[in-house]
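Visitor: the sequence isn't on hand, but the structure is:
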């Protein structure tokens with residue numbers, strides 16, 4: 001993300017949105033490989049073959065990055081090592097609010113990606129629908145987020161980061177509240193999950209773009225690393241909580257717990273929008 005930021009200035013939201021869109025599409029590919037009869041059909045998904053295939057893709061990506069990707073014209077000179085730079089991302093109020101928005105987003109995102117494909121599988125099987133169809137629906141639910149990231153990047157550069165992230169989280173949180181109540185209707189559940197998949201990750205790149213614009217430009221890489229590490233650490237909690245809480249709340253309400261993240265995130269971005277420092281984002285569009 002730091003490298004992408006070094007290539008973009010006025011269109012930084014779009015640039016990082018494209019990067020996260022590529023990540024999103026890559027995250028969906030294993031579900032597509034599970035659905036297609038490439039490595040066998042029926043029963044347990046052919047996870048060994050899928051891991052080998054996706055690992056080969058990761059190796060190809062590493063070769064591309066190592067041989068073709070470099071820093072752009074808007075990069076900052078290398079700064080001296082400063083341990084305190086790691087805490088500035090949380091001590092500086094505007095950057096802290098952008099990080100809180102990201103944490104709310106991450107509470108929902110990876111738990112949704114992990115468990116909604118299984119929710120679709122349960123719904124399809126209970127209705128006597130095709131297992132392969134359920135796996136394709138799981139792939140589509142994640143993959144549709146890729147164009148969502150690009151569109152959100154375009155809009156955020158023109159309308160402002162806080163506005164786009166706020167409404168993305170309102171939409172995805174609403175889907176989280178409704179998903180569990182549609183299990184008996186796989187068609188409606190699929191439509192809702194496609195909307196959820198489109199909105200749940202659309203705002204992701206904009207939190208990173210916001211941090212890159214709000215923090216000390218000498219330590220963009222450090223600020224983005226702190227943000228990303230905290231976000232992925234939080235996903236360990238929300239992913240594990242879904243099966244644990246299902247015994248207490250039941251299938252109808254367990255996914256509603258994911259809406260807590262977007263609620264916090266939307267509140268944080270609304271607070272950030274009111275700060276004068278927010279004018280540093282998206283060319284003053286906040």
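Guide: Good, I have the coordinates. Keep in mind that what you see is a predicted model, and the values were worked out from it rather than measured.
Visitor: my guess is residue 144 meets residue 198, correct?
Guide: Yes. Taking contacts as CB atoms under 8 Å, residue 144 lies within contact range of residue 198: 4.9 Å. Bear in mind the C-beta positions are built from the backbone N, C-alpha and C, glycine included.
Visitor: residue 226: what secondary structure?
Guide: Using DSSP: H, G, I helix; E, B strand; the rest coil, the structure places residue 226 in helix.
Visitor: next up, the contacts around the closest residue in space to it that isn't next to it in sequence.
Guide: Leaving aside its sequence neighbours, residue 226 sits nearest to residue 89 (CB to CB, 6 or more residues apart in numbering; 4.6 Å). Residues counted as contacts of residue 89 (CB atoms under 8 Å, 6 or more residues apart in numbering) are 95, 96, 99, 211, 215, 222, 223, 226, 227.
Visitor: correct me, but the fourth one touches residue 95?
Guide: Yes. Using CB under 8 Å, residue 211 is in contact with residue 95, at 5.8 Å.
Visitor: which residues are in contact with each of those two?
Guide: Counting by CB under 8 Å, 6+ apart, the residues touching both residue 211 and residue 95 are 89, 223.
Visitor: which secondary element of the chain has the worst mean pLDDT?
Guide: Across the helices and strands of the chain, mean confidence by mean pLDDT, DSSP states H and E is lowest for helix 85-91: a mean of 77.
Visitor: pick the one among the contacts of residue 89 closest to residue 131.
Guide: residue 227 (37.9 Å; CB to CB).
Visitor: the closest one touches residue 205, doesn't it?
Guide: No. Under the criterion of CB under 8 Å, residue 227 makes no contact with residue 205, lying 11.8 Å away.
Visitor: farthest pair in the contacts of residue 89?
Guide: 96 and 222 (14.6 Å).
Visitor: settle it for me: which of the two has more neighbours?
Guide: residue 222 (22 against 17; other CB atoms under 10 Å).
Visitor: the more buried one: helix or strand, and which one exactly?
Guide: Assigned by DSSP states H and E, residue 222 belongs to helix 220-254.
Visitor: list the buried ones in that helix?
Guide: Using 16 or more other CB atoms under 10 Å as the burial criterion, the residues of helix 220-254 that qualify are 220-228, 230-231, 234-235, 238-239, 242, 245-246, 254.
Visitor: what does stretch 15-24 give?
Guide: By 16+ other CB under 10 Å, the buried positions in stretch 15-24 come out as 15, 16, 17, 18, 19, 20, 21, 23, 24.
Visitor: can you pull up the most central residue in this protein?
Guide: residue 201 (3.7 Å; CA atoms, centre = their mean).
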